[in-house]
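Participant: Could you work out the structure for the sequence below:
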Amino acid sequence: MPEPEPELGPAPRPRRRGRTTLLIAVAAVLGVVAGTCTGFLVQVNRTPDKLPSLSQPKLAQAKGPGPEPLSAAEDRQVKVDGDLRKVLLKKPSGARVGTVEGSAGWLSLADYSARYEDPSNAYSYYIGEEFRRAAGIRWSQGTRDVEIVLVQYRQVEALGASDAAADDSSYAEDPSGTDSWAIPGTGDGMAYVHPADGGEYSAEAHAWRGDIAMEVWMYDTKPISKKAIMDVAERQMGRL
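Facilitator: Reported below is the predicted structural model:
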């Protein structure tokens, strides 16, 4: 017959702090108090320091005319606040112009969101990113299709252009076998060439400048070279 388990008594009380530790703590407190009193007595017997003068030296004012205001051609903000479609690259000679979603080259937020697998989610996301407007152009040359989209953001509370370019670049790194290169003069702009998918080759580029994010897309039945995607991306960024 198994022996009954012993009854558990009350939990032990916490152990009190040792006397030696208590004496050390008291000595430390007394040392701080003594040091404070000594410092106070030293300060009382000192002659007050003279306060520095509140006056400041007179600053020399620049002379001569101010800089000339930028012309409309030099002022980037004038350019991008006008007709955004005029900032898009023109189609190459001999290419056939296609149509983008929307009307007359403009894409509304609904048009732009429809380009995504989940349009409703994209719509909500770009409202949060302060989507302002978008414009695009598409052309075909031989077997190659090229599309450029410029998306402008209000950027009152969010950095929509840089956020969008970073998000697009993160998706563009897939699938495996994708080659990528930095776009010169854009900071973190990137161009990508993807392996064939069902007999179709594709490439894309993403960058931003100010409040505008750039998207370049290429599709072909033949391999797309680095030079091809980089050329279009660099020339489009140059227009911004």
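
Participant: what are the pairing partners of the one helix or strand residue 151 maps to, and which direction each?
Facilitator: Using DSSP states H and E, residue 151 falls within strand 144-153. Strand pairing for strand 144-153, determined by DSSP bridges: strand 131-141 (antiparallel), strand 212-220 (antiparallel).

Participant: what separates that strand from the chain centre, distance-wise?
Facilitator: Centroid displacement of strand 144-153 relative to its chain, using Cα atoms, centre = their mean, to the nearest Å, is 19 Å.

Participant: residues of the helix or strand just after that strand that come out buried?
Facilitator: Where DSSP H and E defines the elements, the next helix or strand beyond strand 144-153 is helix 160-172. Using 16 or more other Cβ atoms under 10 Å as the test for burial, helix 160-172 gives 160, 161, 162, 163, 164, 165, 168, 169, 172. For every residue, glycine as well, the C-beta is placed using N, CA and C.

Participant: Who are the packing partners of helix 160-172?
Facilitator: strand 144-153, strand 190-197, strand 200-209, strand 212-220 (3 or more Cβ pairs under 8 Å, 6 or more residues apart in numbering; DSSP states H and E).

Participant: got the angle between the first one and helix 160-172?
Facilitator: In this case it means strand 144-153. Interaxial angle, strand 144-153 versus helix 160-172 (axes from the mean of the first three to the mean of the last three Cα atoms, to 10 degrees): 140 degrees.

Participant: and what of the shortest one?
Facilitator: Angle between the axes of strand 190-197 and helix 160-172 is 30 degrees (criterion: the same axes, to 10 degrees).

Participant: Distance to residue 85 and pLDDT added to the buried residues of helix 160-172, as TSV?
Facilitator: What follows is the buried residues of helix 160-172, written out as TSV (distance: Cβ to Cβ, whole Å; pLDDT from 0 to 100):
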residue	distance to residue 85	pLDDT
160	20	95
161	18	97
162	23	96
163	23	95
164	19	95
165	20	96
168	21	94
169	25	95
172	25	95
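
Participant: From those residues, pick the one nearest residue 53.
Facilitator: Proximity of these to residue 53 (Cβ to Cβ) peaks at residue 162, which lies at 47.6 Å.
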